[in-house]
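> quick one, structure for this:
(chains A and B, ligands or ions: 1)
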Amino acid sequence: MKNRIQHKLKEDKKILSIYFTAGYPALNDTVRIIGELEKNGVDLIEIGLPFSDPLADGPTIQESSTTALNNGMHTELLFEQLKDIRKTVSIPLIIMGYFNPVFQYGVEDFCQRCQEIGIDGLILPDLPLDVYLKDYASIFKKYGLVNVFLITPQTSAERIKEIDEASDGFIYMVSSASTTGATEGFGLAQQNYFARITALELKNPQIVGFGINNSETFQKATQSAAGAIIGSAFIKHLTINGVDSISDFIKTIR
Amino acid sequence: MSYNADEKGYYGEFGGAFIPEMLYPNTEELRQNYLRIMEEPSFKKEFDQLLKDYVGRPTPLYFAERLSKKYNAKIYLKREDLCHTGAHKVNNTIGQILMAKKLGKNRIIAETGAGQHGVATATVCALMGIECVVYMGEIDIARQAPNVARMKMLGAEVRPALSGSRTLKDATNEAIRDWINNPVDTHYIIGSVVGPHPYPDMVARFQSVISEEIKWQLKEKEGVENPNYIVACVGGGSNAAGAYYHYLDNPAVNIIAVEAAGKGVHSGESAATSALGKMGIIHGSKTLLMQTEDGQITEPYSISAGLDYPGVGPMHAHLFTTGRAEFISITDDEAMKAGLMMCKLEGIIPAIESSHAFAILDHKKFNPNDIVVINLSGRGDKDLDTYIDYFEL
Ligand SMILES: Cc1ncc(COP(=O)(O)O)c(C=O)c1O
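Presented below is the predicted three-dimensional model:
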């Protein structure tokens, strides 16, 4: 059976992916948030495993991570919360986090638990390509997990091709040189960047992330890419409105 | 066995570059160029000249007679406290600012704990007329006020790190985030032998001037290049890496690394990474670090801001696990007592970081003929408030 991510990417529509931090706003919101997102037509979900030192994240995701950890979130608990998720949810689920918590859990054990639960892929921004290929690619494969790599406007064409080669789901295209939550917008620099990537004719579709916060930026980001990811803007919505009005947020995007 | 980094930046199983892709072009540019640039005659010439005329090198290797008598061994102090700006940190910032210039960068960022590295960075930026932003934990800003003022006078902008424990670890996170947001024009001057490859190796090479000098200075004074013991405190481990560098492959030289036990190794308020840490990833490097079962990095504690770091550089993780170095941890109280002893016996007020290294004299037994070199990494001016509070002066 093909991975749910690969299936989803075959559909003829732009992917809307939402990131949220597990354990935020409240410790036990995880399953409810996932359910609401699917119900409201979200195509793919990135479940953030919170980390104490999220290097690539701006203030919004930093704060949600700190709160989640203070609420008591930890790796085993997240797996516990997700153990029956496939009874109710069918869209692809990805766990996104930093490498150290995965490393401490044991990469193989972590991947095995993901497979048991029905997680489809991982995004670990600080697990570099060469280490992944050397030490972990075979483990990811064994447990049917797609590994998603990031590229940025600074990534060379040569390296993008290497990343494309190592990927079997999608490529996470970071919209500008920034940490998460920055709002540089989608101007000429981004248009040129997207055009440059399209011209490379990669085998993996690209999903754009960072700086998408409303329907306008979603539209712009998905003109050439297969989809877009919203993180900080959704977390801000949760902070202000709680988990009851997730549909209101999704409606403002598409 | 080699104790230096291989070409991928590994010391045994430690090191490497565990960085998000956003940092790849920056670190890769540095990795591809740092050794070549360091070998360039024009680079070497300028580096050596500045170390001599601006920093004041070579720093003395001082025979501490009264200390030697008290502990019945031949104790020498490597006087990094006499470097311009008051600590060894400037050896590295001189090297890195020249590196940044060669790479065409026009903006510098740095993290700082005690403020020594921040001051050393602000100093070289002033010297070269380059914009400088220093990240410093909010807590450290409060406990190292004189260094904050110095950085400002030198023209640097000091930005408080408000996240996490608001100390060195968090200042480092903020500096890394700045670098992600400014990938083209900015060079990040890391202050210790930590971070992703090639930083640990590059910083160790810049600091290696310490042991290079000890070798010929000891030869002059004792007729031998090698001490029986070389002792240094370890925060991230840069003064230690510099003091050990040329002795790493000589097993006749015993290496002692001194960590901060804070209020006691098992008190829950400690920064003794070798005793409390496990292998993991911090700031882009696989090394020993203090963390929860779950892989969350924990908040260290030490009275000295410069040792208040939950990891050690990968070189030191390797020296520890291979047994090449002996690790000793020293409590706040022991360090403060040793600092005061140095004042009374030798007329030297050490940085509290360095005071940790002197405190091992009460833990180790030496033979009367043993030559013991202790790296006096910095002077205590910045710590006067802490000394005053502690001793109620
Ligand atoms: C005087 C002094 N010694 C030691 C250190 C610790 O750093 P490292 O372990 O990199 O030498 C510091 C850091 O600020 C310092 O100021």
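> could you tell me which residues of the stretch 101-250 of chain A lie near chain B?
Contact residues, the stretch 101-250 of chain A versus chain B (Cβ under 8 Å from any Cβ of the partner chain): A:101-105, A:125-128, A:130-131, A:149-152, A:154-156, A:159, A:174, A:177-179, A:182. (Glycine included, C-beta is placed from N, CA and C.)
> let's see it at 7 Å
A:101, A:103-104, A:125-128, A:131, A:149-152, A:154-155, A:174, A:177-179 (Cβ under 7 Å from any Cβ of the partner chain).
> tell me how many other residues crowd residue B:224.
Around residue B:224 there are 12 other residues, counting by other Cβ atoms under 10 Å in any protein chain shown.
> from chain B, which residue is nearest to chain A?
Closest approach between chain B and chain A, counting by Cβ to the nearest Cβ: residue B:295, at 3.4 Å.
> hmm, back to that, which ones among the residues of the stretch 101-250 of chain A next to chain B map onto helices?
A:101, A:103-104, A:131 (DSSP state H).
> so the residue of chain B closest to chain A, which state does it fall into?
For residue B:295, the assignment made with DSSP: H, G, I helix; E, B strand; the rest coil gives coil.
> quick one, what contacts it?
A:100-101, A:103-104, B:280 (Cβ atoms under 7 Å, 6 or more residues apart in numbering or on different chains).
> now do the strands in the stretch 101-250 of chain A.
For the stretch 101-250 of chain A, the strands defined by DSSP state E, counting those that start in this stretch cover A:121-123, A:146-147, A:150-151, A:171-174, A:206-209, A:227-230.
> quick one: contacts of the first one?
Residues from elsewhere that reach strand A:121-123 (Cβ under 7 Å, 6+ apart): A:5, A:46, A:94-96, A:145-148, A:169, A:172.
> change it to 8 Å
A:3, A:5, A:46, A:92, A:94-97, A:102, A:111, A:114, A:140, A:145-148, A:150, A:169, A:172 (Cβ atoms under 8 Å, 6 or more residues apart in numbering or on different chains).
> that strand: how far from the chain's middle?
Its chain's C-alpha centre lies 7 Å from the corresponding centre of strand A:121-123 when counted by Cα atoms, centre = their mean, to the nearest Å.
> which other helices and strands contact the helix or strand that contains residue B:36?
Using DSSP states H and E, residue B:36 falls within helix B:24-39. Packing partners of helix B:24-39 (3 or more Cβ pairs under 8 Å, 6 or more residues apart in numbering or on different chains; DSSP states H and E): helix B:89-102, helix B:199-207.
> so after that helix, what's the next helix or strand?
By DSSP H and E, the next helix or strand past helix B:24-39 is helix B:41-50.
> just the buried residues of that following helix, please?
For helix B:41-50, a neighbour-count test (16 or more other Cβ atoms under 10 Å in any protein chain shown) marks B:43, B:46-47, B:50 as buried.
> for residue B:319, which non-adjacent residue is closest in space?
Excluding the flanking residues, the one nearest residue B:319 by Cβ to Cβ, 6 or more residues apart in numbering or on different chains is residue B:325, at 3.9 Å.
> this completes my enquiry, with thanks.
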